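> A structural model of the following input is requested.
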Amino acid sequence: MPSPSLVIARAAGRLSRGLGRGGGTSLPGKVLLRLRPGAVGDLAAALKHGTALVSATNGKTTTSRMIAGAVQEVGWRLVSNRAGANLLSGVATALLDDARRRPASEIGLFEVDEAALPAVAADVRPRVVLLMNLFRDQLDRHGEIEALAARWADMIAALPAETVVVANADDPAVCALAREREGTLFFGLEDPRASLAALPHAADSKRCRRCAAALTYDRVFLGHLGHWRCPACGDARPEPQVSAISVGLDGIRGVDLEITTPSGPVRARIGLPGVTNAYNATAAAACAVALGISPSCVARALTGARAAFGRGEWVTLGGREVILLLAKNPTGANETIRTVLLDPGPVHLLVALNDRTADGHDVSWIWDVDVEPLLPRLTTLTLTGDRAHELALRFRYAGLARARMRVEPDLERALDAAIASTPPGEALSVLPTYTAMLDLRALLVRRGAADHFWRDGAND
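Numbering: from 1, shown residues only. From the prediction side, this is the model:
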C-alpha cells in the first residue's frame, strides 16, 4: 500500500492537470519533498541499474533524449523527466509517477539544471554524472560561470567513489573540475571541418583555470569549446576517450557523425542540425559507454533521435515548414545563426525575446549575439516577445534598415505575419528564448500543429 505522502503528492499532480495549470511535472514533487524530504534518495535507490544525471547550460534536454534512446535499445525500463522539469522537484515527480508502475523501472536518467545539480546528486547518489558545458546564462539567477563551477567542484568532490564522471574535454572550465577525479571519461570533437575560423568575441572561458593566463586554441568548435592549451603553464585539453572524428554538417537538416569509443565506433545520421548536436550526440555516446551500452545500440538511438520540444523541432503551419531553434544565451544564439546560414537558400526569421524569470531578466546578452552575418542573406525578419523593441535596436545597430524588419510584440500576430511572408516551399526559422518557446508551442498546440510538451515522447 502506498504511503500517504505519495498519495497526496500524486493527487496534486492530477489537480494541476485538471485545472489546466500545466502538466503536473513539478508540483507533485514539491509536495512530496515537503512531506518526505528523503523521498528522492529512497526511490532512486530501488533502481537496479542506478541513475545517470545530465547537466549543462546548453543541450541537456536533447542529449538526455539520445541517452534514453540508447537505454531503450538495450531493453532496460527507464524513468526520466522527459518533459524537462529539471529541478529537484521535477526529478521527484518523475520518480513518484514511476513508483506505482509494474514492472518496476530499472534505471533513472534525469536532465538537471546546472544550479540544481549538487542537490540532486547528493540525494540520488548517481552511477554516472555527465557534465557537458558551462556557458554564460541567466546571470541574475546563476551568476557568472565561476559561481557554477565552484558549486560543481564541491559536488564532484562529494560524489561516491563508484560514480563515473563523464566530462567535455573541449570545455576548459568543465575539464578543470573533472580531470583530477580518477576514472573520468572525457569526450570531444576532432573533425577540423566543423571548426570556426577563430575564437568568438563572446566566448566565455578564455583563461587558464590554473594560472589565469590567456588560453590559445588550435581548433574552436563552439563558443569557448575546442582544442585549448595554456602557453604559460602548459595545461592542455586531455585526449578524450570518446571522439567525434567525422562531423558532416547538413544545414538545418542534420549531421553525419562517426564517433570512436573504447567499445568500438558509432556511425549515425542524426536528424538534428549543427555543431551543438554533434556535441550532444558525442556526449550521449560517452554517457552510454559509461553505462555499459554497446556502440550498436548507441548508433540506432542516435539515428532514431527526434528533436526535443523547441530544440530543432519541425512543425507544419499554414502550409509552411517551421523549425524551432531555442536561443537562450549568446553561445546558443550564435551557433543557431551559424546553423541557419549553412543552408544555401533565403533566410526567413522569427525571433522572440522574453525577459521572464526562466529566461533571465537581464537581456543585455543580445549584444553579444552576432546577427551581422545574417544580414546579406536575410529575406524576411519578424521580431516579437516582451522585449521585441530591444531586438529591433540590436538589428538596427547591426546595420539593418527599419523597413526590412517587422516588430510585433504580440506573439500570435507575429507568427501569422512571419508565416505569411515566407513563400511556399521555403522554411521559416524561429529563434525564441525559453518562455517565448513555451508560449509559441502553446499556440501551436491550440492550432493542432504540435502536442503538449509534457506528452512529448510519452508513447515512444
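
> only C-alpha atoms for contact and neighbour calcs from this point on.
OK.

> So for the chain, the centremost residue is which one?
Nearest residue to the geometric centre of the chain (Cα atoms, centre = their mean): G59, 2.1 Å.

> Local confidence estimate at that residue?
pLDDT for G59: 95.

> can I assume W365 is in contact with T331?
No. Taking contacts as Cα atoms under 8 Å, W365 lies outside contact range of T331: 9.7 Å.

> Pull the contacting residues for the residue nearest to the centre of the chain.
Applying Cα atoms under 8 Å, 6 or more residues apart in numbering, we find G59 in contact with 132, 276-277, 280.

> what's the answer for R237, then?
Residues in contact with R237 (Cα under 8 Å, 6+ apart) are 169-170, 172, 175, 227-229.

> If we go by neighbour counts, what in the top strand by length along the chain is buried?
Longest strand in the chain by number of residues (criterion: DSSP state E): strand 242-250. Within strand 242-250, the residues that count as buried by 16 or more other Cα atoms under 10 Å are 242-244, 246-250.

> how distant is it from the center of its chain?
19 Å (Cα atoms, centre = their mean, to the nearest Å).

> quick one: contacts of it?
185-191, 193-194, 255-262, 273-275, 278, 282, 285-286, 342-343.

> Show me those that map onto strands.
Residues of the contacts of strand 242-250 located in strands (DSSP E): 185-189, 255-260.

> between these, which is nearest T422?
V255 (25.2 Å; Cα to Cα).

> now the closest residue to that closest one other than its chain neighbours: how far from G274?
Spatially, and ignoring its direct neighbours in sequence, V255 is nearest to L249 (4.8 Å; Cα to Cα, 6 or more residues apart in numbering). In this view, L249 and G274 are 6 Å apart by Cα to Cα, to the nearest Å.

> Which neighbours do those two have in common?
Common contacts of L249 and G274 (Cα under 8 Å, 6+ apart): V255.

> Roughly how far does A46 sit from D98?
For A46, the distance to D98 (Cα to Cα) stands at 11 Å.

> and the end-to-end length of stretch 310-328?
11 Å.

> Could you pull out the buried residues of that stretch?
Neighbour counts over stretch 310-328 (16+ other Cα under 10 Å) mark 310-314, 317, 320-328 as buried.

> neighbouring contacts of it?
62, 137, 272-273, 306-307, 332-333, 336, 359, 419, 422-434, 437-438, 441, 449-450.

> repeat for stretch 363-377
With Cα under 8 Å, 6+ apart as the test, stretch 363-377 has contacts from 201-202, 329-331, 333-334, 337, 341, 346-347, 355, 391, 394-395, 398-400.

> Buried by neighbour count, from those residues: which ones?
If we count by 16+ other Cα under 10 Å, the contacts of stretch 363-377 have these buried: 202, 329-331, 333-334, 337, 341, 346-347, 355, 391, 394-395, 398, 400.

> Which of those lies at the shortest distance from P238?
Closest to P238, out of all of the buried ones among the contacts of stretch 363-377 and judged by Cα to Cα, is T331, at 22.9 Å.

> Following element in sequence after the helix or strand that that closest one is a member of, please.
Secondary structure assignment for T331, by DSSP states H and E: helix 330-342. Counting by DSSP H and E, the next helix or strand C-terminal to helix 330-342 is strand 347-352.

> angle of whichever helix or strand comes after that next one against strand 347-352?
Heading C-terminal from strand 347-352, the first helix or strand you meet, by DSSP H and E, is strand 378-384. Put simply, strand 378-384 runs at 10 degrees to strand 347-352, going by axes from the mean of the first three to the mean of the last three Cα atoms, to 10 degrees.

> Could you tell me which strands strand 378-384 is paired with, and in which direction each runs?
Here strand 378-384 is paired, per DSSP bridges, with strand 347-352 (parallel), strand 406-407 (parallel).

> For this structure, name the helix or strand with the lowest mean pLDDT.
Lowest mean confidence among the helices and strands of the chain (mean pLDDT, DSSP states H and E): helix 139-142, at a mean of 50.

> tell me which of the ones in strands among the contacts of strand 242-250 is nearest to V407?
V255 (33.2 Å).

> quick one on the thing from earlier: quick one: the ones in strands among the contacts of strand 242-250 as a markdown table, columns for neighbour count, distance to R36 and pLDDT too.
Shown next, in a markdown table, are the ones in strands among the contacts of strand 242-250 (neighbours: other Cα atoms under 10 Å; distance: Cα to Cα, whole Å; pLDDT from 0 to 100):
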| residue | neighbour count | distance to R36 | pLDDT |
| --- | --- | --- | --- |
| L185 | 22 | 35 | 98 |
| F186 | 27 | 37 | 98 |
| F187 | 29 | 38 | 98 |
| G188 | 30 | 40 | 98 |
| L189 | 29 | 43 | 98 |
| V255 | 22 | 45 | 97 |
| D256 | 18 | 46 | 98 |
| L257 | 24 | 45 | 98 |
| E258 | 20 | 46 | 98 |
| I259 | 26 | 43 | 98 |
| T260 | 22 | 44 | 98 |
